[in-house]
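Colleague: next come a sequence and a model predicted from it.
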Amino acid sequence: MIARLNEDERAKALAHLSNWTAITDPDGLSRRFTFADFNAAFGFMTRVAILAEKADHHPEWSNVYNRVDIVLTTHDAGGLSQRDVDLARAIDALLE
Ligand code: HBI
């Protein structure tokens, strides 16, 4: 059973995820990514999809042309869990 992060765990996680915003509805993380064009945005989405499948943890996301908005929350935990933190880190690593 995956558990929601407590306040202390959240603070620690967010300290290393400066590009992500903690949100409350749903309880999770959010970040907007902007690319040169749709092709670049969709290529990024394809790479995130492969990460998500590998992690068996999937984003809630939307794409408008060159913009990708991602929300990470854990449905099985009813909120923010370590899986969200791990996936956010892995997504950020794609951009390094
Ligand atoms: N992705 N964000 C998110 N939250 C989940 O609870 C989840 C998931 N992907 C797959 C998944 N759970 C499966 O492991 C089953 O628990 C449904």
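Modeller: Nice, thanks for sending it over. Residues are numbered from 1 along each chain as shown.

Colleague: can you give me the strands in this protein?
Modeller: Secondary structure of the chain, counting by DSSP state E: strands at 21-24, 27-34, 60-64, 67-72.

Colleague: could I get those as JSON lines with mean neighbour count, distance to the ligand and mean pLDDT?
Modeller: For glycine as for every other residue, the C-beta is placed from the backbone atoms N, C-alpha and C. Below are the strands of the chain laid out as JSON lines (neighbours: other Cβ atoms under 10 Å; distance: least, Cβ to the nearest ligand atom, whole Å; pLDDT from 0 to 100):
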{"stretch": "strand 21-24", "mean neighbour count": "12", "distance to the ligand": "14", "mean pLDDT": "96"}
{"stretch": "strand 27-34", "mean neighbour count": "18", "distance to the ligand": "8", "mean pLDDT": "98"}
{"stretch": "strand 60-64", "mean neighbour count": "13", "distance to the ligand": "7", "mean pLDDT": "98"}
{"stretch": "strand 67-72", "mean neighbour count": "20", "distance to the ligand": "7", "mean pLDDT": "98"}
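
Colleague: dump these into JSON lines; add distance to residue 4 as well.
Modeller: JSON lines is the format used below for the strands of the chain (distance: least, Cβ to Cβ, whole Å):
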{"stretch": "strand 21-24", "distance to residue 4": "12"}
{"stretch": "strand 27-34", "distance to residue 4": "7"}
{"stretch": "strand 60-64", "distance to residue 4": "16"}
{"stretch": "strand 67-72", "distance to residue 4": "13"}
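
Colleague: tell me which of those strands sits nearest to residue 96.
Modeller: Judged by Cβ to Cβ, the one of the strands of the chain that comes nearest to residue 96 is strand 27-34, at 13.5 Å.
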